[in-house]
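Asks: sequence and predicted structure are below.
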Amino acid sequence: MPLTRREFLRLCLQGTAGLSLANIFLPHLAQALGNEERPPVIWIEATTCTGDILSAINAVDHDLRHLLSSVIDLRYQQLLMGGEGSVAREVLEQAMDGRLGRFLLIVEGTIPLRAGGGFNVIARRPSGHGITPLEAVRELGQRASHVLAAGVCASFGGPFAANPNPTQSVPLHQVLDRRVINVPGCPVHPDWLWGTLTHCLLYGTPDLDSFSRPTLFFGQTVHDLCTRRQFFDNGIFASELGQPTCMYKLGCKGPVTFADCPRRQWNGHLSWPVEANTPCIGCTSPEFPDRMTPFYARLPGLELPGVRVSTATLTKLVAGATAAGIGLHLAGKVLTGRLGQTYRKERTPTEIQEIVRVKKILRALPPGCGTRIESRRQEDPRSVTLRHLRKVKARGRGQESRTPRKLEERPPEQGDRPARGERKV
Amino acid sequence: MANRKVVVGPMTRVNGMWEIHVTLDGQNRVVEARSASPFWRGMELILQSRDPRDAPYLTERICGICSSAHGYAASLALEEAAGVEPPPNGILVRNVLLGADFLQNHIRHFYFLHMPAFVAGPEQPPFAPRFTTDLRIPRRVSETIYQGYFRAIDESRRAHELAALFSGKVPHGHGVVAGGATVHPDSEKILRALGMVSKLRSFIDEHYLPDVERIAEYYPDYFSIGGGTEGFFSFGAFPQAPHKKKTAIPGGVMLEGRREELDLSAIEEHVRFSYYDQESRQHPAKGTTEVALEKPGAYTFVKAPRYKGRALETGPIARMWFAGRYREEPSTLSRTVARALEARLIVDLIEEWLLAMDPSSPVFEPFEVPEEGRGVGILGAMRGALGHWVEISSRRIARYQIITPSAWNCSPSDDTGRPSPVEAALLGVQVQNPEEPVELGRIVRSFDPCLSCATHVIKGGRRLTSFQII
Ligand code: SF4
């Protein structure tokens, strides 16, 4: 019996079990599909470090064999395929010109546009013509049943599209006129990728957030799930790398990063960056890496010790959309009294006044703003958060006269760049 | 019969995009060979004016299969610039996690990338379709080797887990930072790691080494095909405390069978056949480069580093030569054997380091990013000599330079027309079936080429005009 969607979602969300996700779902998937109907999969490496396929094959435990023989029909994958040269090109061309029929397309890496895409050639025709990633994904994208962007590069641009973006690279969804399911991460977590793929095959497109990420894996912030959350709540922060407490002051981007790393963990559910006593660097975010660097720069919005939250903070945060989550979120924590007692005592009357002001603003916000991006299919191109924040900004202006402090520790030119997560309209 | 041109593009089963162009004479012998990488990303430009402490994590993203090596080299460079010395315990942790990533790389390279060119796998995608020329290994033996393949899935994952134990996650781990490491080795971790190491050792003994032998048994001629390199070049591997001065596996330069001390200032980069518009034969850290896609005659995004004008080979075969453990002439199979022997050596070294760890002493030394400074991080990476050069100004990266092992091995010809090690290895090779030039892939993959690494290279230098190697 194949899993029901409900059971599947429950299993995916568990994550903590010492068991690989692959072990849970692959046998069911094989049963559901039957050996004959393995869906062909084409995996394109565009401008990438090849890290996503190397990470993806970490999950499959002893089941890569199972995956390849009983679940998917992996036709084209540069790193693993037996064919080379003309043989490999022929497989690619079959998929591109429709001879292969329907297939599932997975793309890792960003799509370079500079010089007509000429900064990468993934195969060469006998005529000497080089097939660029742009050309390949445009053709393949039309014929695929589902398109998955594996890793942050294909999803949002990632490191090779970082400022100054020397190859003028863009994420996959910007060159395709169809839905792309973004499964970010640098690299992608194998459970995220194979879990999403399984959902597509068994139950269709999963619920997606406004950045087209499956909410199944990217529905909560790292901070919400963090094993060190109690340290944060009690105000115990690491002052240097290697300390076993909250990494917030060392630049942890967990509060603004949507991923389930703390629960799922990496490499055989063994560890994850905060467990290694280092900050989360936000690699599943549309803003990675430009707005997530400097990696060791604290997210603005909270002055420590002695919490200070003001509307100035909020206004200031609007300048850097990613930072908004933490500002609102912390304000909320102060208000609900969940922040450690230590800080309450230290609060001055002025600060309390400020908090009251924030409280008003927060009350006026629609639910789900700040730390949570609502899950919607076919979402408006712009982020829900961003829209809400603009409203906050508009409201906040009348009440706050202090000039916002400049966003420190951030190269100036980066503030001017549009968020790369925005979808093509 | 006239000469004919043959292109293998894509050269699959390598990290990154690669093409091999050869010209065959009437007898199907290679008379001209070109290693062409049609793929460029410009990481050094991206690094400019960022916080120097971001370089280790960002440069890891150059390459998914050897990410720890880039993180490590970037950390060494920044440590030198900041004048900080990591605690010995931190160096042990870093070496264990780098060593684990080596094992992952060597196992995956042999089974997933290299071996399938010699041994027919299951008759279904992704193993088929494939070239079918010159497959000599009988079915029974092939099946044994593919059992190793499927075990390699588990064991390379285990090697990655060993690295993740000290790095949070891999690829692109967090455990190597300037100043040392971040994960404290406690008794539980050490025990767990020792368990993983012993499993990896049995895999290497029971599968990896025997499978290399099996291939050698059926393809002995590949001990004389794919040689032709002029000498070896190595930074050694695994810095020991006090770091950078001594390495667990020694380095050096070998020219005409004699060992020499390494002189970093003798390196030049040639660009006659590369898509860059700059003065050729520059010291690698001096050039200012613009990409020039239309440059006549150019065929690759990789530059051609040369040492005293020679095209030297780097990688496990060079390291094993300097370690005195394996001194065969370079060839397709001797490179493969050297890599397997190195994996076996690293397993023992990791065990030694794990036992030397001290759970109670620190692994990280805090430091301040200097206002101004420069540093070099040279390291033995999976594929050979890796160098990162950083120059800091106003606490920002003013300039960043990387020379990767694959730039040494897979570069184009230089200004004098001297071929790179990969190209030299192809010259004179007899191709059985020009429709299926299976020999080319076998030879070039023995270098464990990584074009992701080789082609990130561009020199920035819009702000500063000169940069000295220290
Ligand atoms: S700031 Fe980072 S380390 Fe601290 S609780 Fe949040 S996610 Fe965890």
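Replies: Done, it's in. The shown structure was predicted, so the numbers you read here are calculated from the model rather than taken from an experiment.
Asks: burial count for residue 104?
Replies: Going with chain A. 19 (other Cβ atoms under 10 Å in any protein chain shown). Any C-beta I mention is one placed from the backbone N, CA and C, and that applies to glycine too.
Asks: hmm, I had chain B in mind actually
Replies: Quick note: residue B:104 (other Cβ under 10 Å) scores 29 neighbours.
Asks: and the pLDDT at it?
Replies: Residue B:104 is assigned 97 on the pLDDT scale.
Asks: kindly report the same for the one 10 residues further on.
Replies: According to the per-residue confidence, residue B:114 scores 97 in pLDDT.
Asks: how much space between it and chain A?
Replies: Using Cβ to the nearest Cβ, to the nearest Å, one obtains 12 Å as the distance from residue B:114 to chain A.
Asks: isn't that residue right up against residue B:335?
Replies: No - counting by Cβ atoms under 8 Å, residue B:114 does not reach residue B:335; the two are 9.3 Å apart.
Asks: comparing these two, which residue is more hemmed in?
Replies: A count of neighbours by other Cβ under 10 Å puts residue B:335 above the other of residue B:114 and residue B:335, at 29 against 24.
Asks: and for residue B:114 and residue B:335, which residues touch both?
Replies: Common neighbours of residue B:114 and residue B:335 are listed as B:446, B:448 (criterion: Cβ atoms under 8 Å, 6 or more residues apart in numbering or on different chains).
Asks: for the residue of the stretch 251-400 of chain B found nearest the ligand, give me phi and psi.
Replies: Nearest residue of the stretch 251-400 of chain B to the ligand (Cβ to the nearest ligand atom) works out as residue B:364 at 16.9 Å. Dihedral pair for residue B:364: phi -140, psi 140, per degrees, to the nearest 10.
Asks: same question, the one 4 residues further on
Replies: Phi and psi for residue B:368, reported as degrees, to the nearest 10, are phi -100, psi 140.
Asks: just give the nearest non-adjacent residue to it, would you?
Replies: Closest residue in space to residue B:368, ignoring its immediate chain neighbours: residue B:82 at 6.9 Å, by Cβ to Cβ, 6 or more residues apart in numbering or on different chains.
Asks: OK, contacts around that neighbour?
Replies: With contact taken as Cβ under 8 Å, 6+ apart, residue B:82 is in contact with B:178, B:367-370, B:373, B:375.
Asks: quick one: buried ones out of the residues you listed?
Replies: B:178, B:367, B:369-370, B:373, B:375 (16 or more other Cβ atoms under 10 Å in any protein chain shown).
Asks: got those residues as a markdown table, with distance to the ligand, pLDDT and secondary structure columns?
Replies: Converted to a markdown table, the buried ones among the contacts of residue B:82 look like this (distance: Cβ to the nearest ligand atom, whole Å; pLDDT from 0 to 100; DSSP: H, G, I helix; E, B strand; the rest coil):
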| residue | distance to the ligand | pLDDT | secondary structure |
| --- | --- | --- | --- |
| B:178 | 21 | 96 | coil |
| B:367 | 22 | 95 | coil |
| B:369 | 22 | 95 | coil |
| B:370 | 28 | 96 | coil |
| B:373 | 30 | 94 | strand |
| B:375 | 29 | 92 | strand |
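Asks: before we move on, the earlier item: any idea how far the residue nearest to residue B:368 is from residue A:298?
Replies: Here the criterion is Cβ to Cβ, to the nearest Å. By it, residue B:82 lies 20 Å from residue A:298.
Asks: please apply the same query to residue B:371.
Replies: According to Cβ to Cβ, residue B:371 and residue A:298 sit 21 Å apart.
Asks: circling back to that earlier point, which single one of the contacts of residue B:82 is nearest to residue B:36?
Replies: Of all the contacts of residue B:82, residue B:36 sits closest to residue B:375, with 33.0 Å by Cβ to Cβ.
Asks: give me every residue that touches the residue most central in space within chain B.
Replies: When Cα atoms, centre = their mean is applied to chain B, the residue found nearest the centroid is residue B:383 (2.2 Å). Contacts for residue B:383 were tallied using Cβ under 8 Å, 6+ apart; they are B:66, B:314-315, B:404-406, B:409, B:447-450, B:453.
Asks: again, only using 7 Å
Replies: By Cβ atoms under 7 Å, 6 or more residues apart in numbering or on different chains, the contact set of residue B:383 is B:66, B:315, B:405-406, B:448, B:450.
Asks: try residue B:110
Replies: By Cβ under 7 Å, 6+ apart, the contact list for residue B:110 reads B:208, B:336, B:339-340.
Asks: what about residue B:419, distance to residue B:390?
Replies: 32 Å.
Asks: same deal with residue B:254?
Replies: 29 Å.
Asks: then residue B:259?
Replies: In this structure, residue B:259 and residue B:390 are 29 Å apart, going by Cβ to Cβ.
Asks: before we move on, what about residue B:353?
Replies: To residue B:390, residue B:353 is 27 Å away according to Cβ to Cβ.
Asks: circling back to that earlier point, so which of the contacts of residue B:383 is the closest to chain A?
Replies: Distance to chain A across the contacts of residue B:383 (Cβ to the nearest Cβ) is lowest for residue B:450, with 8.6 Å.
Asks: is the closest one in a bridge, and if so with what?
Replies: residue B:15 (DSSP bridges).
Asks: on the pLDDT front, check it for me.
Replies: As predicted, residue B:450 sits at a pLDDT of 85.
Asks: same thing with the one 5 residues further on?
Replies: According to the model's per-residue confidence, residue B:455 sits at a pLDDT of 59.
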